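K.L.:
build the 3D model from these lines:
(chains A and B)
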There are 2 protein chains.
Amino acid sequence: MSLGCTLSLDAMGGDDAPGIVLEGVNLARRRHPSVKYLLFGDRAKLKPYLDKNPEVAALCTLHHTEVAITNEDKPSQAVRSGRESSMWKAIQAVKAGEAAGIVSAGNTGALMAMSKLTMRTLPGIDRPAICSMFPNMHGDTVMLDLGANAVCDVRNLVEFAVMGECFAKSVMEQGRPRIGLLNIGSEDLKGTDVLRDAAQVLRDSDLDIEFHGFIEGDDIALGTVDVVVTDGFTGNVALKTAEGTAKLYSQFLRNAFSSSILAKFGLLFVRPVLSKVMMRTDPRRYNGALFVGLNGIAVKSHGGTDALGFSNAIGVAIDMVTRDLNAQIAKELSRLNWNVTQGQSVAVSE
Amino acid sequence: MSLGCTLSLDAMGGDDAPGIVLEGVNLARRRHPSVKYLLFGDRAKLKPYLDKNPEVAALCTLHHTEVAITNEDKPSQAVRSGRESSMWKAIQAVKAGEAAGIVSAGNTGALMAMSKLTMRTLPGIDRPAICSMFPNMHGDTVMLDLGANAVCDVRNLVEFAVMGECFAKSVMEQGRPRIGLLNIGSEDLKGTDVLRDAAQVLRDSDLDIEFHGFIEGDDIALGTVDVVVTDGFTGNVALKTAEGTAKLYSQFLRNAFSSSILAKFGLLFVRPVLSKVMMRTDPRRYNGALFVGLNGIAVKSHGGTDALGFSNAIGVAIDMVTRDLNAQIAKELSRLNWNVTQGQSVAVSE
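P.N.:
Numbers count the residues shown, from 1 in each chain, chains lettered A, B, ... in the order given. Next up is the predicted model:
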């Protein structure tokens, strides 16, 4: 699937950059041997690794810059004064057509602001969203928005549903993904006006999607639907609450298995199956959030990830490029025809 | 601690009512032998158990009614036409001074609407909230609102902070609980206007509380603060997402331990420590959400809980009664003096 595309990498983004980026490329090349990389970052920090790893160096073109966006930089400030940064330059390479997509583990807000300014949104999309996958009882759940838009209107949510459906179809190879709108009760009367109106539009529109209706927080892990649509505030809280709960569980288990000699002995027998559970829920496996709705491919890796996690984010970008997600979104969106009536967006069939 | 108070129980609320209510009383009486109960429900369904369990019968006074609120009833409809129901009658007993508090595993919305109409809110409280506890790395976290108010203003959030602090002091016996406002980033610029304004009030007011600032979803399980304040929409999604993630983990573990003979053998040795983890995160242990801000004690048990869970909800009600939580909230609130300026609530010192 991964034909010879070129990706642009912000080599200076992430807590352990550039090490995780370089090692990430090294891991990714085993699965995607024909993908090439433009590396944007500090030559002095990148060169020693490339010299020692000629197989990696052979896939990379180094573009030197010493400027890096930090996590403390405000997005607006980064956009204004960060034009020499590795993040900005890596995004420009996509715009210039030199790379098919960009991956960064740097400042999320800055990456979104710079990507939006440079790539613009897809025709018909009001706001891009952050989209990623979670483990559920029988597979994976796609969720968006995970934090790009704290407040969303009906139009945003409906567009997220369309984009999430295309993502699920594309990455998860699901014929007909079920879409759910995250709410605080599954009854039609629950929640806010925006949610009720969005549900109405999703039910009544000519979009050819499988709209399940409202779902609740526990449905994310249960896998009640394939795509969870929500505003960026709720999505971000849900994502981090799930991460926190998973960490709590892992910590409790670790403490438990080291708390008695009997348990330590038993661990010898159960370690293989425990490892399987850990692998199934490994956050690195779910690393790589796509900024959907942009007129280009931008993937955000978790800032605290390691090389394996970064290589998975590279994998997400390659997937999006080779499956041409954006063309599919544009096609689906053409079914939607937004009319602004009395100050409120409504979807009408064409 | 549990002096001879009387609680009022909606014996018909909950998926497995009245069995869980009766068995719940049976479990609760061991820890709280001097507490008495008014049981509201169908005599034909309650009598056989009481006849067989004279120790339970000795603590209970039965008030017959055949009407029960269902989970499908809308709160407004329940309030209008449910005056013969076990839930309504149980709440009236609190108003009449015959019981110190009510516990129900029935319809949350109906219980809140009926309780609010009957008990009214505490002087100075605009809206009651649903408050409960979660396990964290080193103890428990209090969180509110868990679903009573989908949309909240600055005043609501500040009042939730005060009520949550009193709850934490009272139940968790913490000298000076740290309060956090749930947001999508810990920086001061993140989130909505309401959150930023609420943080400002909590920082600047004369309330004698330890305001930590903004926290994120993963801080709930990490235990970064003792009290998490949020609107009812976000709180409900976070609560259920955490529950769903915990279920997912338990299910993965169960599957893992039954997947190989080696693991089944190892389980013999690790079962005691695993049970400890399960007990620590047992949702029944955290059953019993308090409706804080009412001029009376109303505790909501999870509808799907069992007798152990229901007995824990009874325990929460007894705790609230004996520690006189409402008097403490009223005292703390007297420090706040809300002035409505230009359509927006602001807190000023007295």
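K.L.:
for the rest of this, base every contact and every neighbour count on C-alpha atoms.
P.N.:
OK.
K.L.:
A:Arg83 and chain B: what is the separation?
P.N.:
A:Arg83 sits 23 Å away from chain B, going by Cα to the nearest Cα, to the nearest Å.
K.L.:
check whether that residue sits in a helix, strand or coil.
P.N.:
Classification of A:Arg83 by DSSP: H, G, I helix; E, B strand; the rest coil places it in coil.
K.L.:
can you check the pLDDT for it?
P.N.:
Note on A:Arg83: pLDDT of 95.
K.L.:
what of A:Asp219?
P.N.:
At A:Asp219, the model reports a pLDDT of 96.
K.L.:
who's in contact with it?
P.N.:
Contact partners of A:Asp219, counting by Cα atoms under 8 Å, 6 or more residues apart in numbering or on different chains, are A:225, B:241, B:244.
K.L.:
who wins for most neighbours among those?
P.N.:
Ranked by neighbour count (other Cα atoms under 10 Å in any protein chain shown), the contacts of A:Asp219 have B:Thr241 at the top, with 27 neighbours.
K.L.:
buried ones in the longest helix belonging to chain A?
P.N.:
What stands out as the longest helix in chain A, according to DSSP state H, is helix A:232-257. In terms of neighbour count (16 or more other Cα atoms under 10 Å in any protein chain shown), helix A:232-257 has its buried residues at A:232-249, A:252-253, A:256-257.
K.L.:
now do stretch A:202-211
P.N.:
Residues of stretch A:202-211 classed as buried by neighbour count (16+ other Cα under 10 Å): A:202, A:205, A:207, A:209, A:211.
K.L.:
any idea which helix or strand carries A:Asn312?
P.N.:
Following DSSP states H and E, one finds A:Asn312 within helix A:307-323.
K.L.:
A:Leu274 too?
P.N.:
With DSSP H and E as criterion, A:Leu274 is part of helix A:261-280.
K.L.:
now that helix against helix B:232-257, angle please.
P.N.:
When axes from the mean of the first three to the mean of the last three Cα atoms, to 10 degrees is applied, the directions of helix A:261-280 and helix B:232-257 differ by 110 degrees.
K.L.:
sorry, back to before: farthest-apart pair in the buried residues of stretch A:202-211, please.
P.N.:
Spatial extent of the buried residues of stretch A:202-211 (Cα to Cα) is set by the pair A:Ser205 and A:Phe211 at 10.5 Å.
K.L.:
how much space between A:Ser170 and B:Ala28?
P.N.:
54 Å (Cα to Cα, to the nearest Å).
K.L.:
neighbour count: those two, which is higher?
P.N.:
Neighbour count, other Cα under 10 Å: between A:Ser170 and B:Ala28, B:Ala28 has more, with 21 against 18.
K.L.:
parallel or antiparallel, list what pairs with the host helix or strand of A:Val299.
P.N.:
For A:Val299, the element it lies in under DSSP H and E is strand A:297-300. When pairs are called by DSSP bridges, strand A:297-300 turns out to pair with strand A:101-104 (parallel), strand A:289-292 (antiparallel).
K.L.:
what packs against the helix holding A:Asn312?
P.N.:
Applying 3 or more Cα pairs under 8 Å, 6 or more residues apart in numbering or on different chains; DSSP states H and E, one finds that helix A:307-323 contacts helix A:19-31, strand A:101-104, helix A:154-171, strand A:289-292, strand A:297-300.
K.L.:
hmm, back to that, list the buried residues of the helix holding A:Leu274.
P.N.:
For helix A:261-280, the neighbour count (16+ other Cα under 10 Å) marks A:262-264, A:266-267, A:269-270, A:273-274, A:277 as buried.
K.L.:
can you confirm whether that helix lies near chain B?
P.N.:
Yes. Counting by Cα under 8 Å from any Cα of the partner chain, chain B is contacted by helix A:261-280 at A:262-270, A:273-274, A:276-277.
K.L.:
would CSV of those residues with pLDDT be doable?
P.N.:
CSV is the format used below for those (pLDDT from 0 to 100):
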residue, pLDDT
A:Leu262, 85
A:Ala263, 85
A:Lys264, 87
A:Phe265, 87
A:Gly266, 85
A:Leu267, 85
A:Leu268, 86
A:Phe269, 85
A:Val270, 85
A:Val273, 85
A:Leu274, 85
A:Lys276, 85
A:Val277, 84
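K.L.:
out of the contacts of A:Asp219, which one has the lowest pLDDT?
P.N.:
Lowest confidence among those: B:Gly244, with 93.
K.L.:
pull the contacting residues for it.
P.N.:
A:217-222.
K.L.:
per-domain residue ranges of chain A.
P.N.:
Listed domain ranges for chain A are A:1-123+A:293-327, A:126-288 (source: automatic domain parsing).
K.L.:
would you single out the least confident of those domains?
P.N.:
Between the domains of chain A, the lowest average pLDDT goes to domain A:126-288, which shows a mean of 90.
K.L.:
first-to-last residue distance for that one?
P.N.:
First-to-last residue span, domain A:126-288, Cα to Cα: 23 Å.
K.L.:
what about the strands in the stretch 101-250 of chain A?
P.N.:
Under the criterion DSSP state E, counting those that start in this stretch, strands of the stretch 101-250 of chain A are mapped to A:101-104, A:129-136, A:139-144, A:178-182, A:210-215, A:227-229.
K.L.:
near the residue nearest to A:Asn312 when sequence neighbours are not counted, how many other residues are there?
P.N.:
Leaving aside its chain neighbours, A:Asn312 sits nearest to A:Asn287 (6.1 Å; criterion: Cα to Cα, 6 or more residues apart in numbering or on different chains). Neighbour count for A:Asn287, taken as other Cα under 10 Å: 27.
K.L.:
ok, A:Asn287 - contacts?
P.N.:
Shown in contact with A:Asn287 (Cα under 8 Å, 6+ apart): A:132, A:301-302, A:305, A:309-310, A:312-313.
K.L.:
now render those residues as TSV, adding neighbour count and distance to A:Leu182.
P.N.:
As requested, those are exported to TSV (neighbours: other Cα atoms under 10 Å in any protein chain shown; distance: Cα to Cα, whole Å):
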residue	neighbour count	distance to A:Leu182
A:Ser132	27	15
A:Ser301	29	24
A:His302	24	23
A:Thr305	22	28
A:Gly309	26	27
A:Phe310	32	29
A:Asn312	21	27
A:Ala313	29	26
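K.L.:
any chance of those in CSV, plus distance to A:Glu165?
P.N.:
Formatted as CSV, the contacts of A:Asn287 follow (distance: Cα to Cα, whole Å):
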residue, distance to A:Glu165
A:Ser132, 12
A:Ser301, 22
A:His302, 23
A:Thr305, 27
A:Gly309, 24
A:Phe310, 25
A:Asn312, 21
A:Ala313, 20
